[in-house]
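In: Attaching a predicted model along with its sequence, questions to come.
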Amino acid sequence: MEQNDIKTFFSTELLGWYRLIKRDLPWRMNRDPYRVWVSEIMLQQTRVDTVIPYYNQFMSRFPTVTALAEAPETEVLKSWEGLGYYSRARNLQAGAREVKERYGGIVPDDKASVAGLKGVGPYTSGAIMSIAFNRPEPAVDGNVMRVLSRYFCLEDDIAKPSTRVGIEKLAVSLIPEGAAGDFNQALMELGALVCTPKSPSCLPCPVMEHCAARLSGRETELPIKTKAKPPRAEFRTAAIVMGSGEQEGKILVRQRPETGLLAQMWELPHLLLPPDKAKLLADTAPKEQGELAEMISRMLESDTSMLIRPRSWFTDADHIFSHIHWKMRFYLADLGEEAGALEAAAASAGKGNALVAAESTAEYAADARAGQAEASSIYRWIGKEDMETLPFPNLFLRILKQFWA
DNA sequence: AAAACGGGGCT
DNA sequence: AGCCCAGTTTT
């Protein structure tokens, strides 16, 4: 059979299959461009099952572009809490504000305008244009690269940006006349339900008979993809500082900087350990680390001008981001009058009031500067009920819940 | 071109 | 416990 017939077969069979079995997802209720837009942003790097509850809550709280544009930023961030990649939420709201101001609150039926919105890249602009407006644009995500790599037996590394560009050209050529939205969703649906990464279910696949990878028995070898580097380890000590007097029953939290990791989210105060101290955390029992407790307490004194007394070890927690592995140790601390046991231990370890040892690495220096630049104005005492208002990343939310359990 | 940027699911 | 998933922005 000729290549063009193989392509036509693919498009026709896939589209027919999708129209029979497509899942009933909340963002498929209608073609409202705003609903499509929100769903596509949430679905970046995130599975359908995870997104569904967030999507429903988000749409009821921010039903229109204007509602989102006019909402307080913290509220938007709070609604994104636990979803990850928080710049998506801030970019989405920035986009909503642009649509409100420049396009009167109507998402424009124009590729360049949509592609110009913050947080909207090649995939998302293609998805919005095709799904909401039925324009023949490619929407190439990981599913699509996997499906097409297998069906056409493409051996390019899908981790390379240039590969996506090539697959986009192929994808456009496959779009059936007048069915761009359904076809693009069909491609992703097949990748999600049938042509899965690990063990694809070829037997029920609507296009198996002309799948080049399957025909040559190579469906599990494709697509080719270079593996990511493992995350680098970072050791951090953190404190749960319990207030007294006015602050009785409250604890000390702070807001992260405007940019970078977990930007603008709230957190328990913590400190990146230089490599030599990190070994201490890794190798020594929590209760014998007066020195580490002492370091975080000195950092807090310098930031807040309050006398912080570490009292006891609370818990250890690991958190793995895509590029960093945080190994954290939490101490309970208060503003007590007398020195705590841990401080005594630190003193006997021979550490006086000297500041934390000079930075050993560029990373540590950068972290220390960022911490200092934001110091003092970003700290705040919160009670249990404030957890419902301030956005915290999951790792800190878990610790807070454990503390207030 | 490579790194930064979360969090959860599967085996 | 280790491996996998992968869009956009920034460097």
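Out: Yep, that arrived. It should be emphasised that the depicted structure is a prediction, and the values quoted were computed from it without experimental measurement.

In: hey, let's count contacts and neighbours off CA atoms from now on
Out: Fine.

In: Now the residue of chain A at minimum distance from DNA strand C. Nearest residue, chain neighbours left out?
Out: When scored by Cα to the nearest atom of the strand, chain A has residue A:141 as its residue closest to DNA strand C, at 2.6 Å. Spatially, and ignoring its direct neighbours in sequence, residue A:141 is nearest to residue A:123 (6.3 Å; Cα to Cα, 6 or more residues apart in numbering).

In: List the contacts of the one you found.
Out: Contact analysis of residue A:123 by Cα atoms under 8 Å, 6 or more residues apart in numbering lists A:138, A:139, A:140, A:141.

In: Format those residues as CSV; extra columns: distance to residue A:42.
Out: Listed next are the contacts of residue A:123 as CSV, based on distance: Cα to Cα, whole Å:
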residue, distance to residue A:42
A:138, 19
A:139, 15
A:140, 16
A:141, 14
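
In: Can you read off the pLDDT for the residue nearest to residue A:141?
Out: pLDDT for residue A:123: 95.

In: Where does it fall, secondary structure wise?
Out: Secondary structure from DSSP states H and E places residue A:123 in helix A:122-133.

In: quick one: the helix or strand that that helix is followed by near DNA strand B?
Out: Per DSSP H and E, the first helix or strand lying C-terminal to helix A:122-133 is helix A:142-151. No - using Cα under 7 Å from any atom of the strand, helix A:142-151 stays clear of DNA strand B, with a minimum separation of 12.5 Å.

In: how far is helix A:142-151 from where the chain is centred?
Out: When distances are taken as Cα atoms, centre = their mean, to the nearest Å, helix A:142-151 is centred 24 Å away from the chain's centroid.

In: next one: stretch A:113-132
Out: Worked out by Cα atoms, centre = their mean, stretch A:113-132 lies 19 Å from the chain centre.

In: Residues of chain A that sit close to DNA strand B?
Out: Residues of chain A found near DNA strand B (Cα under 7 Å from any atom of the strand) are A:44-46, A:50, A:81-87, A:160-162, A:259-263, A:320-323, A:393-395.

In: Please convert the contacts of residue A:123 to TSV, extending it with pLDDT and neighbour count.
Out: Listed next are those as TSV, based on pLDDT from 0 to 100; neighbours: other Cα atoms under 10 Å:
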residue	pLDDT	neighbour count
A:138	96	28
A:139	95	28
A:140	95	25
A:141	94	20
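
In: hey, C-alpha coordinates of the helix ranked longest in chain A in CSV?
Out: Longest among the helix segments of chain A by residue count, using DSSP state H, is helix A:3-21. These are the backbone C-alpha positions of helix A:3-21, laid out as CSV (Å, rounded to 0.1, in the frame of the first residue of the first chain):
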residue,chain,number,x,y,z
GLN,A,3,2.2,6.0,2.0
ASN,A,4,-0.7,8.3,1.3
ASP,A,5,-3.2,5.4,1.7
ILE,A,6,-1.5,4.4,5.0
LYS,A,7,-2.0,8.0,6.2
THR,A,8,-5.6,8.2,5.1
PHE,A,9,-6.3,4.8,6.7
PHE,A,10,-4.8,6.2,10.0
SER,A,11,-6.8,9.4,10.0
THR,A,12,-10.1,7.8,9.0
GLU,A,13,-9.9,4.8,11.4
LEU,A,14,-8.6,6.9,14.3
LEU,A,15,-11.3,9.6,13.9
GLY,A,16,-14.1,6.9,13.7
TRP,A,17,-12.7,5.1,16.8
TYR,A,18,-12.6,8.3,18.8
ARG,A,19,-16.1,9.3,18.0
LEU,A,20,-17.3,5.9,19.3
ILE,A,21,-15.3,5.6,22.5
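
In: among the helices and strands of chain A, which has the poorest mean pLDDT?
Out: Here the helix or strand of chain A ranked lowest by mean pLDDT, DSSP states H and E is helix A:341-348, holding a mean of 42.

In: In chain A, mark out all the strands, start to finish.
Out: Remark: strands assigned in chain A by DSSP state E are A:232-242, A:251-255, A:266-267, A:270-272, A:309-320, A:324-334, A:379-382.

In: With mean pLDDT and mean neighbour count added, can I get these in TSV?
Out: Formatted as TSV, those follow (pLDDT from 0 to 100; neighbours: other Cα under 10 Å):
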stretch	mean pLDDT	mean neighbour count
strand A:232-242	94	21
strand A:251-255	96	21
strand A:266-267	96	22
strand A:270-272	94	22
strand A:309-320	92	18
strand A:324-334	94	20
strand A:379-382	96	17
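
In: what comes into contact with stretch A:307-325?
Out: By Cα under 8 Å, 6+ apart, the surrounding residues in contact with stretch A:307-325 are A:229-234, A:239, A:241, A:286-287, A:293-294, A:297-298, A:300-301, A:326-336, A:339-343, A:395.

In: Output the below-cut-off pLDDT ranges for the stretch 251-400 of chain A.
Out: A:337-377 (pLDDT under 70).

In: residues near the spatially closest residue to residue A:205 that is not a sequence neighbour, how many?
Out: Closest residue to residue A:205 apart from its sequence neighbours, by Cα to Cα, 6+ apart: residue A:194 at 6.4 Å. Residue A:194 has 18 neighbours, counted by other Cα atoms under 10 Å.

In: How about the residues of the stretch 51-200 of chain A by DNA strand C?
Out: For the stretch 51-200 of chain A, the residues in contact with DNA strand C (Cα under 7 Å from any atom of the strand) are A:85, A:117-125, A:140-143, A:146, A:197-198.

In: Show me the two of the contacts of residue A:123 that sit farthest apart.
Out: Using Cα to Cα, the pair of the contacts of residue A:123 lying farthest apart is A:138 and A:141, separated by 9.5 Å.

In: tell me the domain ranges of chain A?
Out: In terms of domains, chain A is parsed into A:3-215, A:232-404 (source: automatic domain parsing).

In: Redo the ones you listed as JSON lines? Include distance to residue A:225.
Out: Listed next are those as JSON lines, based on distance: least, Cα to Cα, whole Å:
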{"stretch": "domain A:3-215", "distance to residue A:225": "5"}
{"stretch": "domain A:232-404", "distance to residue A:225": "17"}
